[in-house]
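*Asks:* sharing a model prediction with you, sequence too.
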Amino acid sequence: MATAFGARGHNVFLSHASADKAAFVDELYAWLSTTAKVSVWYDRNLYGAAAGELSHALGDSQSALFVVSKSSVASEWVNQEFECALAEKQADPNFRIASIRIDETTPHSFLRTYTHINALNGVLEPRSAALVLEALFGTADPAGGRPVYFSRGTRRPDKAANDVLLEVVRGMGCRLVCDAPDQPHMSNPRLEKIISGCSGLVALLPLRNDGATSPYVVSEIKLAQALGKPILVLCREGVKSADWPFDAFVFTDDLIAAGKEGLEDAMADQLDRFSGALRAPDRGEHVFMGHSFADLSKEMFLPVQRLISRLVGLPVKAGAGLTGRGAQEKIVKLIQTAEFNLIDITNNGANISPEKFNYGLNSSIEAGAALGANRPLYITCQGKPRTPPYMFRDIEVQYYESELDLVGIVKRITHAHRRQVIR
């Protein structure tokens, strides 16, 4: 039996030619596994193994990253790895495939349809590293629409009904989100945070053997109810009710075949009630990012903000973008209502001596506001580890030497907050 996607032992299978290990792949592996804390299948002894071992390695991974070079293009072993990766992708659409090119070699035709990243001359730059993480772990652009949690079955027979309901709810001006598929399933504290940051929940109860349905979907509906969120529940014909504490609209295959317009007509009253009950969540609808207002910081953090947005599936608000009268109050409000705050206290203005006091003043105040509001707070700072300001000594400050280190730290910080934006 295939391993459940969220329970697989490795995030990434790293495919490469042995000739590229010393020049690039060892460094890539070290950055992914140590700095970004990504679990990577990188078995130096795998070459020459039986096809079954290769299949098992990829079957225990959630994605495959191919290092493209003159040597890898000529490798029959890399070709076999791609065939196994493609089989995983066909078996589970959540499996991801991406490639990173380290020289001017044209990738194999079979890789050209997947996300392609350049690290020419064998150098992993911060922007390329961020694109790798986005390709392997990112979600769609979370901008626009009211966030609504979508709970549904994910087996192939569920797809047609899911797609029609997606169209209907998107037509109401909603942005649909769900738990990230590579996370351990039904992690209740995490799910509670995600659903708390949504305006409501839409659920589709799938049909399973003997009239049963998904206990996970039922559990997510009940969680939304406990949080006081409006819910809209659909149930496939044939599912046996188990005295649920909620109402469900029963649909047939014929109704799904009628498409978006057919379902909208049949559920007009339910859709109107649900839409009218949606309210903006009190908090958890965005991430706040704070950093120095210096031009150098603004330029450095733009790709970091995009990466956070794609990894977490939430818009990122930054204090540096707010000016004029009342800007301070707006910044404090954003901090108080954020899913979490990631604030960099690097001082990119005038140097302060001694070194142990050399921190950014404005960003330190922002971090203090998050601490005072009892909101989740992560602090980063460029430079060597040193004693942080007194009020932050109970918080682990993540120090980094380079922008590449910062990109990896962002992956570590955001992991527990991830969700998927459904497009």
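*Replies:* Sure thing, it's come through.

*Asks:* state the pLDDT value of the residue nearest in space to the middle of the chain.
*Replies:* By C-alpha atoms, centre = their mean, the mean C-alpha position of the chain lies nearest to Leu311, the distance being 3.4 Å. Per-residue confidence (pLDDT) for Leu311: 97.

*Asks:* likewise for Phe357?
*Replies:* Phe357 carries a pLDDT value of 64.

*Asks:* same check, this time on Ile352
*Replies:* Per-residue pLDDT puts Ile352 at 57.

*Asks:* one more: Thr252?
*Replies:* 96.

*Asks:* how about Glu88?
*Replies:* With respect to pLDDT, Glu88 scores 93.

*Asks:* ok, it - contacts?
*Replies:* Contacts for Glu88 (C-beta atoms under 8 Å, 6 or more residues apart in numbering) come out as 58-59, 61, 64, 95. Bear in mind the C-beta positions are built from the backbone N, C-alpha and C, glycine included.

*Asks:* okay, now the unreliable bits of the stretch 301-423 of the chain?
*Replies:* The stretch 301-423 of the chain contains residues with pLDDT under 70 at 349-357.

*Asks:* so which residues of it form strands?
*Replies:* Counting by DSSP state E, counting those that start in this stretch, the stretch 301-423 of the chain has strands at residues 316-318, 341-344, 377-382, 397-400, 419-421.

*Asks:* just to revisit the earlier point, max pairwise distance over the contacts of Glu88: which two?
*Replies:* The most widely separated members of the contacts of Glu88 are Gly59 and Ala64, with 11.1 Å between them, by C-beta to C-beta.

*Asks:* more crowded one of those two?
*Replies:* Ala64 (26 against 18; other C-beta atoms under 10 Å).

*Asks:* and the more buried one, which of the three is it?
*Replies:* strand (DSSP: H, G, I helix; E, B strand; the rest coil).

*Asks:* ok, now how distant is it from Ala74?
*Replies:* As for Ala64, its distance to Ala74 is 19 Å (criterion: C-beta to C-beta, to the nearest Å).

*Asks:* contact partners of the helix ranked longest in the chain?
*Replies:* When the chain is parsed with DSSP state H, its longest helix is helix 295-312. Helix 295-312 is contacted by residues 126-127, 130, 133-134, 137-139, 141-142, 287, 289, 291, 315-316, 318, 320, 339, 342, 344, 346, 348, 403, 406-407, 410-411, 414-415, 417-419 when judged by C-beta under 8 Å, 6+ apart.

*Asks:* now it: buried residues?
*Replies:* Going by neighbour count (16 or more other C-beta atoms under 10 Å), the buried part of helix 295-312 is 297-298, 300-301, 303-312.

*Asks:* now swap in stretch 179-199 and tell me
*Replies:* Neighbour-count burial for stretch 179-199 flags 179-183, 190-191, 193-199 (criterion: 16+ other C-beta under 10 Å).

*Asks:* tell me which of those residues is nearest to Tyr359?
*Replies:* Using C-beta to C-beta, the buried residues of stretch 179-199 come closest to Tyr359 at Lys193, 29.1 Å.

*Asks:* state the distance from the closest one to Val177.
*Replies:* In terms of C-beta to C-beta, Lys193 sits 12 Å off from Val177.

*Asks:* with Leu58 instead?
*Replies:* Counting by C-beta to C-beta, the gap from Leu58 to Val177 is 28 Å.

*Asks:* residue ranges with poor pLDDT in the stretch 101-250 of the chain?
*Replies:* In the stretch 101-250 of the chain, residues with pLDDT under 70: 185-187.

*Asks:* Gly6: what's it in contact with?
*Replies:* Gly6 touches 181-185, counting by C-beta under 8 Å, 6+ apart.

*Asks:* with adjacent residues omitted, what lies nearest to Val332?
*Replies:* Leaving aside its chain neighbours, Val332 sits nearest to Ala369 (5.4 Å; criterion: C-beta to C-beta, 6 or more residues apart in numbering).

*Asks:* surely that neighbour meets Thr337?
*Replies:* No. Checked against C-beta atoms under 8 Å, the pair Ala369 and Thr337 is beyond contact range at 11.7 Å.

*Asks:* out of the two, which sits in the more crowded spot?
*Replies:* Set Ala369 next to Thr337 and count neighbours by other C-beta under 10 Å: Ala369 wins out with 23 against 19.

*Asks:* pull the contacting residues for that one.
*Replies:* Applying C-beta under 8 Å, 6+ apart, we find Ala369 in contact with 331-332, 335-336.

*Asks:* distance to Arg273 and neighbour count added to the residues you listed, as JSON lines?
*Replies:* Shown next, in JSON lines, are the contacts of Ala369 (distance: C-beta to C-beta, whole Å; neighbours: other C-beta atoms under 10 Å):
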{"residue": "Ile331", "distance to Arg273": "37", "neighbour count": "22"}
{"residue": "Val332", "distance to Arg273": "36", "neighbour count": "17"}
{"residue": "Ile335", "distance to Arg273": "34", "neighbour count": "24"}
{"residue": "Gln336", "distance to Arg273": "31", "neighbour count": "17"}
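
*Asks:* just these: which are in helices?
*Replies:* Those of the contacts of Ala369 mapping onto helices are 331-332, 335-336, per DSSP H.

*Asks:* which one of those is nearest Ser18?
*Replies:* Comparing the ones in helices among the contacts of Ala369 against Ser18 with C-beta to C-beta places Ile335 closest, at 49.2 Å.

*Asks:* gap between that closest one and Tyr29?
*Replies:* Ile335 sits at a distance of 37 Å from Tyr29 (criterion: C-beta to C-beta).

*Asks:* equivalent analysis for Asp405, please.
*Replies:* Distance from Asp405 to Tyr29, counting by C-beta to C-beta: 16 Å.

*Asks:* please state the offset of stretch 362-369 from the chain centre?
*Replies:* Centre-to-centre, stretch 362-369 and its host chain are 26 Å apart (C-alpha atoms, centre = their mean, to the nearest Å).

*Asks:* Lys240: neighbour count?
*Replies:* The number of residues packed near Lys240 is 10, by other C-beta under 10 Å.

*Asks:* in what helix or strand does it lie?
*Replies:* For Lys240, there is no host helix or strand (DSSP states H and E).

*Asks:* contacts only, for it.
*Replies:* When contacts are counted by C-beta under 8 Å, 6+ apart, Lys240 touches 211-212.

*Asks:* now do Leu191
*Replies:* 179, 220, 223.

*Asks:* swap the cut-off to 10 Å and go again
*Replies:* By C-beta atoms under 10 Å, 6 or more residues apart in numbering, the contact list for Leu191 reads 149, 151, 178-179, 183, 185, 216, 219-220, 223-224, 419.
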